[in-house]
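Novice: Any chance you could fold what I've pasted below:
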Amino acid sequence: MGTALAVHAAESTGPTDSVKSKAVAVKTDTAAKAVKTAKRAHVSKHKRPSKVRPAANVGPAYATRPEVMRFADELAERRNLNPQWVRRAIGQATLVPTVVRLMQPSTQPFVKNWAAYRGRFIDAARIDAGVQFWKDNKTTLARAEKEYGVPSEIIVGIIGVESIYGRNTGSFRVIDALTTLAFDFPATHPRAAERAAFFKGEVEQFLSLQSRLGADPMLPLGSYAGAMGMPQFMPSSWVRFAVDFDGDDKIDLWNSPADVIGSVANYFKAFDWKPGMPTHYPVSFDAAKLDLDALMAPDILPTFSVASFTAKGAVLQGPALEHKGPLALVELLNGPDPAGYVAGTENFYVITRYNWSSYYAMAVIELGDEVKRAMRDAGR
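Specialist: Coordinates of the predicted model:
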């Protein structure tokens, strides 16, 4: 959440902006080779990497920590799982210092820059990969759009931003990442206790899921926050939102594009995606009436009716003036350059439930639009 994240905690419990910026840097750096590969060849089957080793630079196993083993016993009892299986899984997890470091609050001032952020996710290689993904899965995307009401371009945008259509799903062992963040989340983080509690819940969801599947919890690889598969679902999101969309009686978010497409669409439907509603509208300002502080006060939560929005100096045109739901003023800072603004709808806000960032939402929207435009131009 994702992301996941890069930390894609997949709900409104997303990381702080400083953590997101680190996550973006890590994800885009590790994705560079995958993007170059996508230029050279299309990989039609997104097989889970079988020979990728867990991230290096690991610390001691958690079996040596009494409080962790107590947690394992409590988890097993709470979930009615085999206690020895749970103790073995958590006990074999190892502390990953890299994961701790990536969660550390930034010590440097962070300047938001939409143009730079956009450039990380929207380029020719990713668009080309998106076109190929859409072409390969056109029927499935159309079925998901019909059943869930979520446009194909939004689904394609999410999968492209998250994992370059399965080419970059992460190299950290999920059990290591989750256990590290559950028991060694950096104390310097302003929300350390809350975040550690969140990741303890994710450990529980992950092991419960693996037990139901009869799967080895030591094998799955994911992001440094434990997000998994093409859509980079956290374990709790996998449990709540993942669907068997290809009808083979199992859910596979690594190898089944159909399951991925259906699961992303189901996620948005669960967060009240409104079919047919735009994600945002252009907006300008009437300087004589502008009350920017009031417009920005709710952040990206849609709060204003069209009448109250325009009364505070926002200027809308065309279809935006007929919009029936609430709106939010979304600000996109551009470093030293002037900020950009859009009027975000409830659907824009739904996208931020995947990753709590307006920059992320706009990247998803614009990547999806670029892929759709490329499809149209190619006559597909």
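
Novice: tell me the contacts of the residue located most distally from the centre of the chain?
Specialist: Ranked by distance from the centre of the chain (C-alpha atoms, centre = their mean), the top residue is Ala288, with 39.3 Å. By C-beta atoms under 8 Å, 6 or more residues apart in numbering, Ala288 lies in contact with Gly313. (C-beta placed from N, C-alpha, C; glycine too.)

Novice: do the same with Trp114
Specialist: Neighbouring residues of Trp114 by C-beta under 8 Å, 6+ apart: Leu332, Leu333, Asn334, Ala339, Gly340, Tyr359, Met362.

Novice: Kindly recompute the last result at 6 Å.
Specialist: Trp114 makes contact with Leu332, Asn334, Tyr359 under the criterion C-beta atoms under 6 Å, 6 or more residues apart in numbering.

Novice: Repeat that for Ala258.
Specialist: If you count contacts by C-beta under 6 Å, 6+ apart, then Ala258 has Thr140, Phe245, Asp246 around it.

Novice: If you tally nearby residues, what's the number for Leu207?
Specialist: Close neighbours of Leu207, defined as other C-beta atoms under 10 Å, add up to 23.

Novice: What helix or strand is Tyr281 located in?
Specialist: Using DSSP states H and E, Tyr281 maps to strand 280-282.

Novice: Any chance you could list what contacts the helix or strand following that strand?
Specialist: Per DSSP H and E, the first helix or strand lying C-terminal to strand 280-282 is strand 284-285. Contacting residues not belonging to strand 284-285 are listed as Gly313, Val315 [C-beta under 6 Å, 6+ apart].

Novice: Strand partners (parallel or antiparallel) of strand 284-285?
Specialist: strand 314-315 (antiparallel) (DSSP bridges).

Novice: The partner strand - what's its average pLDDT?
Specialist: The average of the pLDDT scores along strand 314-315 is 98.

Novice: Report the distance from it to the chain centre.
Specialist: Remark: strand 314-315 is offset 31 Å from the chain centroid, using C-alpha atoms, centre = their mean, to the nearest Å.

Novice: sorry, back to before: just give me the closest of the contacts of Ala258 to Thr107.
Specialist: Phe245 (43.8 Å; C-beta to C-beta).

Novice: my read is the closest one is in a strand, agree?
Specialist: No - applying DSSP: H, G, I helix; E, B strand; the rest coil, one finds Phe245 to be coil, outside a strand.

Novice: ok, now how distant is the residue nearest to it when sequence neighbours are not counted from Ser211?
Specialist: Spatial nearest neighbour of Phe245, excluding adjacent residues (C-beta to C-beta, 6 or more residues apart in numbering): Gly262 at 2.7 Å. In this view, Gly262 and Ser211 are 24 Å apart by C-beta to C-beta, to the nearest Å.

Novice: Identify each buried residue in the host helix or strand of Ile158, please.
Specialist: Following DSSP H and E, one finds Ile158 within helix 152-163. Buried positions in helix 152-163, judged by neighbour count with 16 or more other C-beta atoms under 10 Å: Ser152, Glu153, Ile154, Ile155, Val156, Gly157, Ile158, Ile159, Gly160, Val161, Glu162, Ser163.
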